[in-house]
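>>> The amino acid sequence is not available; the structure is as follows:
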């Protein structure tokens, strides 16, 4: 669709933008432009810098270097309000709704002050507005009561109400079904015809290639080039998205016996953002969970650990366990390693020793008093084995590097003798390369002892190297299962971006679901 | 303003019930003098509670109001002495408002720039202001202009004009909160700061507005406290927790985004009524504190019940829908 006619004006121009968060370089020297009437896709793996780039374009983040121009004017002050004034509209992946207010009030707030009707006319006006978008939502409903799909469509409608020159859409279809996606794309194409420039961020390549004009690929914060849709294939894009040099070794896998006994069995588990999900994990197996962020992977894992509410059932070694609180899973031997290390997994100001032994103090205590010596001897060997690098075990855990913090949280399941299943959420996020191998090795060693593990990771390379089998989640369901002999970074990324979605049908009904 | 009637109805019922009970048992309650006394005594708490409600609406707390009221009384003992008159008295009154303004801005700086939780920030301000008051007046001294205090307590029949004023103010403030754009913005910021910022609202300005309103209302409360004590007392203000209690009983949510000025006004009146009535029965005031505490707990449960039930139902329905779809 890239028209050969006169060059249309650029509505968004990002020049040489760099941004670092601490030691992590999220973006380096990225440039991208979007013209009026163009749909410009931005694709890349999880963590490739897409969200950071959108954050900078929308004024929410200030870049370390580089400039943003919206509708030909430079964004001077990095604030969302300033970007909106210049003509930028954005639909956030996690929305910008005030859930406690009504739909009408949310729409009203989304408009710039001079475009709002009088307050008294708000209700009628909101109804008319929504009707124009063919949205069947009651304007008096509290926004928090809407379904996720309704919230997503409302988010886009709100962004369009500002009559933007350029519209940023961040994963706008994660909660939508096939029909809704079609309806949504009609709307997007309509806007493009009217001259709005659209930046479309999505990991679903078929969807992206179906409606966009040009596509820019990001990898590890670096732009890999911008291409006309016509000149690029899905395979070509996948090749650009992956291809990070292999820096880490992985522990060796032992072939699992064909019919190893089932340790964890999940049936019909469903929560607000996922399900229903059926799967089994066998003795000695490490199962990977892949998918683009925000497709229910985290919620699923947390539900298994009793941290998130869900319906359905799960059993450990054949015994169903209670998932209403974290206590049931813990008693059954199901342990969650939260990805939120500072917030959930560790007590940052407590010592390495205290963090490691907190769950087994009862066992270490004598007459109700815990002896330092017995604590130290309990962890001494594990600290060595996991190669935790620190001054002493009395050091506060927050003074350790991310990787060593993660190792400390791993000591816990090792100390407990009764663990059957380890649920690891992003076990190596923010972990230095050197520590990664230690963590992989520890997990593998546990599996070899006869445990089952589920690893949720946004890094396909890690899943391919570590796991025996990987399931891919999309919109809260398992859409593909990749057996061990097929595992590879490319294979996983292809499954995530949906480029082979037609080849393997979603494993959903009963017996086809697992193995 | 869904379910906003609940606190209003509850407070009105309690005020009337307690009044009726007192009148039946001790016929002095409805006497002109007692009613006038009650309404005037309620003025400081009503005003500071309405300010507190504003801070609660944006999801904050302001503990410093108690010390600010004291500082205003102390300031009045310097700027509004019996010998000041005319324009000087007006300037002296403005000084009190100035103290309020400055405190509000100072609190906002602590909260927005230094990113301190409001409860901690205003606790710090509380100590600082208390210290300043004690520095200025080591013990209660310095009479306050009776011209000014008489003007504040002007009464027609049994009704203090000032009380009529705050009733009207409370009604107007609720209209503003629920019927205007800026009122909506205030509630939106209290409910969800991130979304509000994404929607292009200037959340910083909204928080500033709320805390300045809170402090200025506290300085108005200081006027009436000054009228009550008539002397520059450095230890008089202690209504920080009571003001939060009144705002909550009046329908404010501690999580922000919800509240009612009219409800707060009624709740402050009710809390004063409890204190007013107990002496009539020769009951010790300890009962007042206990009653207030129990009432707050009951009110919190009662006000949240509809919301909890609704949330529970919505979750159930969604799961059922999904089960049906699967």
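Ah, there it is. Keep in mind the model is a prediction, meaning the values are calculated, not measured.
>>> What parts of chain A come near chain B?
Within chain A, the positions near chain B by CB under 8 Å from any CB of the partner chain are A:60, A:80-81, A:84-85, A:90, A:92, A:95-101, A:105, A:108-110, A:112-113, A:116, A:119-120, A:144-145, A:147, A:158, A:270, A:272, A:275-276, A:309, A:311. Every residue, glycine included, has its C-beta placed from N, CA and C.
>>> Of these, which belong to helices?
A:80-81, A:84-85, A:105, A:108-110, A:158 (DSSP state H).
>>> So of those residues, which two are at opposite extremes in space?
A:85 and A:105 (21.8 Å; CB to CB).
>>> And these two? Which one has more around it.
A count of neighbours by other CB atoms under 10 Å in any protein chain shown puts residue A:105 above the other of residue A:85 and residue A:105, at 22 against 18.
>>> Does that one touch residue A:125 like I think?
No: look at residue A:105 against residue A:125 with CB atoms under 8 Å: they stay out of range, at 11.7 Å.
>>> Mutual contacts of these two, please.
With contacts defined as CB atoms under 8 Å, 6 or more residues apart in numbering or on different chains, no residue is shared by residue A:105 and residue A:125.
>>> Next up, phi/psi of residue A:226, please.
Torsion angles at residue A:226 (phi, psi; degrees, to the nearest 10) stand at phi -120, psi 130.
>>> Count the neighbours of it for me.
16.
>>> who's in contact with stretch A:390-400?
A:342, A:346-353, A:355-356, A:376, A:379, A:383, A:388-389, A:404-405, A:408.
>>> what do you get if the cut-off is 10 Å, keeping everything else the same?
By CB atoms under 10 Å, 6 or more residues apart in numbering or on different chains, the residues outside stretch A:390-400 that reach it are A:341-342, A:345-357, A:372, A:375-376, A:379-380, A:383, A:388-389, A:401, A:404-409.
>>> And the buried ones among the residues of chain A next to chain B, selectable in PyMOL?
Selection of buried members from those for PyMOL, criterion 16 or more other CB atoms under 10 Å in any protein chain shown:
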select buried, chain A and resi 60+80+81+84+85+90+92+95+96+97+98+100+101+105+108+109+110+116+119+144+145+158+270+272+275+276+311
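>>> center of the chain, which residue is that?
I'll assume chain A. residue A:293 (1.9 Å; CA atoms, centre = their mean).
>>> um, chain B though
The residue lying closest to the centre of chain B (CA atoms, centre = their mean) is residue B:49, at 0.5 Å.
>>> Next up, the contacts around that one.
The contact partners of residue B:49, taken as CB under 10 Å, 6+ apart, are B:42, B:56, B:65, B:170, B:217-218, B:221, B:239, B:242-250, B:252, B:261, B:263-265, B:267-269, B:271.
>>> Quick one: the strands in the stretch 201-326 of chain B, in order.
Ranges of strands within the stretch 201-326 of chain B are B:231-232, based on DSSP state E, counting those that start in this stretch.
>>> where in it is pLDDT low?
Counting by pLDDT under 70, the ranges of the stretch 201-326 of chain B that qualify are B:307, B:310-311, B:314-315, B:317-326.
>>> go with 80
The stretch 201-326 of chain B contains residues with pLDDT under 80 at B:237, B:278-289, B:291-292, B:296, B:299-300, B:303-326.
>>> For the closest residue to residue B:68 other than its chain neighbours, give me its contacts.
What sits nearest to residue B:68 in space, not counting adjacent residues and going by CB to CB, 6 or more residues apart in numbering or on different chains, is residue B:218, at 4.6 Å. Listed by CB under 10 Å, 6+ apart, the contact partners of residue B:218 are B:44, B:47-52, B:55, B:62, B:64-69, B:71-72, B:99-100, B:103-104, B:225, B:237, B:239-240, B:243.
>>> still on that earlier bit, ok but the residue nearest to the centre of chain A is inside a helix, no?
No: looking at residue A:293 with DSSP: H, G, I helix; E, B strand; the rest coil, it is coil, so not inside a helix.
>>> just checking, it touches residue A:201?
No: counting by CB atoms under 10 Å, residue A:293 stays clear of residue A:201, with 11.6 Å between them.
>>> Mutual contacts of these two, please.
With CB under 10 Å, 6+ apart, residue A:293 and residue A:201 have common neighbours A:51, A:93, A:171.
>>> The second one contacts residue A:151, doesn't it?
When you say that, I think you mean residue A:93. No: the criterion here is CB under 10 Å, and residue A:93 misses it with residue A:151 at 11.2 Å.
>>> what sits in contact with each of the two?
The contact lists of residue A:93 and residue A:151 share residue A:175, where a contact means CB under 10 Å, 6+ apart.
>>> residues in the stretch 101-250 of chain B within reach of chain A, list them.
Residues of the stretch 101-250 of chain B lying close to chain A by CB under 10 Å from any CB of the partner chain are B:178-185, B:187-204.
>>> From the residues you listed, keep the buried residues only.
Buried members of those, counted by 16+ other CB under 10 Å: B:181, B:183-185, B:187-193, B:195-201, B:203.
>>> Which of the residues you listed fall in helices?
The helices, defined by DSSP H, take in B:181, B:183-185, B:187-191, B:193, B:195-198, B:203 from those.
>>> Among those, which pair sits farthest apart?
So, those by CB to CB: farthest apart are B:183 and B:198, at 20.0 Å.
>>> so what's residue B:114 closest to, chain neighbours aside?
Take residue B:114 and drop its neighbours on the chain: the residue closest to it by CB to CB, 6+ apart is residue B:121, 7.4 Å away.
>>> what about the one you found, helix or strand, and which?
Taking DSSP states H and E as the criterion, residue B:121 maps to helix B:118-136.
>>> Any buried residues in that helix, and which?
Across helix B:118-136, burial judged by 16+ other CB under 10 Å covers B:118, B:121-123, B:125-126, B:129-130, B:132-133.
>>> so which of these would you say is closest to chain A?
Closest approach between the buried residues of helix B:118-136 and chain A, by CB to the nearest CB: residue B:118, at 19.2 Å.
>>> Let me see the contact set for the closest one.
By CB under 10 Å, 6+ apart, the contact list for residue B:118 reads B:55-56, B:58-64, B:107-108, B:110-112, B:207, B:210-211.
>>> Likewise for residue B:285?
B:274-275, B:278-279.
>>> does residue B:45 sit in a helix, a strand or a coil?
Going by three-state DSSP: residue B:45 is helix.
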